[in-house]
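Asker: Quick one, fold the following:
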Amino acid sequence: MMDSQENTLNQGAEEVKLSEEVNNNAAPADDNAAVQPVTAETATEDLNKPAEEQPKDKTENLAAKAYSTKKEIIERLKAIVDSEETPGKAEVDHLKTVFYKLHFADREAQQKAYLEAGGDPEKYQVLPDEDEETFKAEMTIIKEKRQKAFLALEEEKQENLRKKEAIIEKIKTMATTPEEANKNFPELKALQQEWKEIKAVPAEKANELWRNYQLYVEQFYDLLNLNREAREYDFKKNLEKKTRLCEAAEKLAEEEDIISAFHQLQELHQEYRETGPVAKDLREQVWARFKAASTVINKRHQQHFEAIRAREEENLTKKTALCERVEDIVKQENKTSADWEKRTKEIIAIQQEWKTIGFAPQKMNVKIFERFRASCDDFFARKGEFFKQMKAQFAENAEKKKILVEKAQALTDSTDWKATSDKLIALQKEWKTIGMVPKKLGDQLWNDFLAACNHFFEARNAVHAGTRNEEHENLAKKRDVIAQLRELVENASDGIQEKVQELTEQYNKIGHVPYKEKDKLYKEYHDVLDKLYKDLHISAARKRVDNFRNNLKKVADRGTDALDNERGRLMHRFEQLKQEVNTYENNLGFLNISSKKGNSLIDEMNRRIQRLKDDMEEVKQKIKAIDAENK
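Answerer: Purely as a prediction, here's the structure:
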């Protein structure tokens, strides 16, 4: 039977979901306007819809009207709002898509013009758009209007369902009274015409309704007791019409526009269903041919949207990866302006790459864009705050350096050479502690500061030129004295102590030397003196110990008590020297902690400690001599 054959096609068809492109930067789509899946089963529902509710190819709507300005789109929206017509979803989506393309193009153009005019990128702000607010308000009204029309249409579908069910009941009654078939034929034709005039019914009832209608119409035709010629003529005409429909369906396989071919096929299905039966022996054959042609078109339609979905999923994967890259960049710490500029270039490059990627699936397209935009907005907001704070710091640093310039300029003509030198050096050290300022202003402030310092030091150097010559002469004299002292170290002779005393007095009478040579010269002088004094001291100590040993016999002749008394006196002296060494070493420890580097006071204390230790060694040798005598 024809109804069972058509049902088989409907049940075997795979679901094909229509995708709808959404502008990357468009506002979120109306949830009530979401595109529903289209299958061979839902095609039956479409065939029951009125003409204005039939699915339309979106590209046909887009091509029907091109808009070049947002004003034109708003005018069209206002016209839709003011009219009594129900706005088509395809046109509303088209208006939304084009508006936001123009909207974001205007925004980019405004930003570009601002930057080309020399504007500061960090101060640029996106201003509210009155056109966008108007657009949103009109779209809200249209949404409400579409919702109202949708509810009215649903109510109409329910009424149409009741009407068609009543027609089926009438035909059912007629199909069960064979004796009245010929008489009821005109009424059947009238009911068929009435059926055609009734429009959409609820989708979930459409297939069952059509199967029942077709069942009882065929039953009626089978019972119809018309004369053979009339009946054969009717079958022949129906066969010719259905053959033509099969040919038209087969030709659709050559149609390049897959969407258009699919919609044309739905129209052919509607016409096929409205065509009466053919001879029983041909019904299966004709329906099989028509079904085969339909399967080709449905499969192409399904594959088309599967390819679109695959590309959209791939685009979603790419855009998700870009979101993750931006989010990783946003997490990184930027300490300097160079860090911010480097990562700004990275994000702008990613934004350019984003523009080359097509649409993601409709339910995710807006969400993924909002995720991407949120990360970018977060980065540029924090960048703006960083440069705002940096500019404030620059201004503060510039003010501090201006004050130092003024202080330096106030000292340029001073003749208090030592005090002013110290002040300018202190200002230079303070200058180094102040942070950066903008390059142009920083160069100017530095040049002014340097000029003030140079002016003073050049004047001071001119005055002290003679002093420096004298210091160099003193340096040569002191080095000559050091050379003579070194010669005494190498060639010790009688009267060396008097010679050393004479040279030290001569050295101390010589005036100042250049400042940068002072420490080096001081070390050389005291190193050679330490060597001489140590040698002299050791030699003198050895002589004193020898004399002490020689005199012990005289002490021993006075008795054992005399040796013990002498030993006690030496032990007391040894303890005194040891205590002095400890005191000096403790003091030296404090000086070492508070001094970053050696100085003359520390060197002098080290010399005293060494002399005390030498004295301790001399006392120790005398005590050993007494102990040897007592054995």
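
Asker: check which helix or strand covers the closest residue to Ile623 other than its chain neighbours.
Answerer: Nearest-residue entry for Ile623: Leu570, 5.1 Å, with adjacent residues in sequence omitted and distances by C-beta to C-beta, 6 or more residues apart in numbering. C-beta coordinates here come from the backbone N, C-alpha and C atoms, glycine included. Leu570 is located in helix 560-594, with elements delineated by DSSP states H and E.

Asker: Return the set of buried residues in the helix or strand following that helix.
Answerer: For helix 560-594, the succeeding helix or strand toward the C-terminus, using DSSP H and E, is helix 600-630. Taking 16 or more other C-beta atoms under 10 Å as the neighbour-count basis, helix 600-630 is seen to contain the buried residues Ile609, Gln610, Leu612, Asp614, Asp615, Met616, Glu618, Val619, Gln621, Lys622, Ala625, Ile626.

Asker: and of the residues you listed, the nearest to Gly435?
Answerer: Sorting these by distance to Gly435 puts Ile609 at the head of the list, at 47.8 Å, by C-beta to C-beta.

Asker: quick one: contacts for the closest one?
Answerer: Counting by C-beta atoms under 8 Å, 6 or more residues apart in numbering, Ile609 touches Val581, Tyr584, Glu585, Leu588.

Asker: want to try JSON lines for those residues, with distance to Ala452 and neighbour count as columns?
Answerer: Shown next, in JSON lines, are those (distance: C-beta to C-beta, whole Å; neighbours: other C-beta atoms under 10 Å):
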{"residue": "Val581", "distance to Ala452": "54", "neighbour count": "18"}
{"residue": "Tyr584", "distance to Ala452": "48", "neighbour count": "16"}
{"residue": "Glu585", "distance to Ala452": "49", "neighbour count": "13"}
{"residue": "Leu588", "distance to Ala452": "44", "neighbour count": "16"}
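
Asker: Any stretches of the stretch 201-350 of the chain with poor pLDDT?
Answerer: 224-230 (pLDDT under 70).

Asker: Let's have the buried residues of helix 600-630 in JSON lines, adding distance to Lys172 and pLDDT.
Answerer: Compiled in JSON lines, the buried residues of helix 600-630 are given as follows (distance: C-beta to C-beta, whole Å; pLDDT from 0 to 100):
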{"residue": "Ile609", "distance to Lys172": "131", "pLDDT": "84"}
{"residue": "Gln610", "distance to Lys172": "134", "pLDDT": "82"}
{"residue": "Leu612", "distance to Lys172": "137", "pLDDT": "84"}
{"residue": "Asp614", "distance to Lys172": "140", "pLDDT": "82"}
{"residue": "Asp615", "distance to Lys172": "142", "pLDDT": "83"}
{"residue": "Met616", "distance to Lys172": "138", "pLDDT": "86"}
{"residue": "Glu618", "distance to Lys172": "145", "pLDDT": "79"}
{"residue": "Val619", "distance to Lys172": "144", "pLDDT": "84"}
{"residue": "Gln621", "distance to Lys172": "146", "pLDDT": "81"}
{"residue": "Lys622", "distance to Lys172": "149", "pLDDT": "81"}
{"residue": "Ala625", "distance to Lys172": "151", "pLDDT": "78"}
{"residue": "Ile626", "distance to Lys172": "151", "pLDDT": "81"}
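
Asker: So of the residues you listed, which two are at opposite extremes in space?
Answerer: In the buried residues of helix 600-630, two members sit farther apart than any others by C-beta to C-beta. They are Ile609 and Ile626, at 26.3 Å.

Asker: Which strands or helices does the strand or helix carrying Gln147 pack on?
Answerer: Under the criterion DSSP H and E, the helix or strand holding Gln147 is helix 130-175. For helix 130-175, the packing partners by 3 or more C-beta pairs under 8 Å, 6 or more residues apart in numbering; DSSP states H and E come out as helix 70-82, helix 89-116, helix 181-197, helix 203-223.

Asker: for the record, mean pLDDT for it?
Answerer: Confidence over helix 130-175, taken as the mean pLDDT, stands at 87.

Asker: Just give the closest residue to the residue nearest the centre of the chain, not the sequence neighbours.
Answerer: Nearest residue to the geometric centre of the chain (C-alpha atoms, centre = their mean): Val330, 2.6 Å. Here the nearest residue to Val330 in space, its sequence neighbours aside, is Phe379; by C-beta to C-beta, 6+ apart that works out to 4.9 Å.

Asker: burial measure for the one you found, as a count.
Answerer: The burial count assigned to Phe379 is 22, neighbours taken as other C-beta atoms under 10 Å.

Asker: which intervals of the stretch 501-631 of the chain have sub-threshold pLDDT?
Answerer: Along the stretch 501-631 of the chain, the model assigns pLDDT under 70 to residues 533, 535-543, 545-547, 549-550, 553-554, 556-560, 590-600, 631.

Asker: ok and the helix holding Gln147 relative to helix 203-223, angle-wise?
Answerer: Taking axes from the mean of the first three to the mean of the last three C-alpha atoms, to 10 degrees, helix 130-175 and helix 203-223 form an angle of 30 degrees between their directions.

Asker: so how far is helix 130-175 off the chain centroid?
Answerer: From the chain centre to the centre of helix 130-175 is a distance of 48 Å (C-alpha atoms, centre = their mean, to the nearest Å).

Asker: go on, stretch 423-433?
Answerer: For stretch 423-433 - counting by C-alpha atoms, centre = their mean - the centre lies 40 Å from the chain centre.

Asker: quick one on the thing from earlier: considering the contacts of Ile609, which is situated nearest to Leu127?
Answerer: Taking C-beta to C-beta as the measure, Leu588 is the one of the contacts of Ile609 closest to Leu127, at 74.5 Å.

Asker: Tell me who's in contact with the closest one.
Answerer: Residues in contact with Leu588, defined by C-beta under 8 Å, 6+ apart, are Ile602, Met605, Asn606, Ile609.

Asker: picking up where we left off before, and of the buried residues of helix 600-630, the nearest to Glu470?
Answerer: Distance to Glu470 across the buried residues of helix 600-630 (C-beta to C-beta) is lowest for Gln610, with 35.3 Å.

Asker: ok, now how distant is that closest one from Ala381?
Answerer: To Ala381, Gln610 is 70 Å away according to C-beta to C-beta, to the nearest Å.
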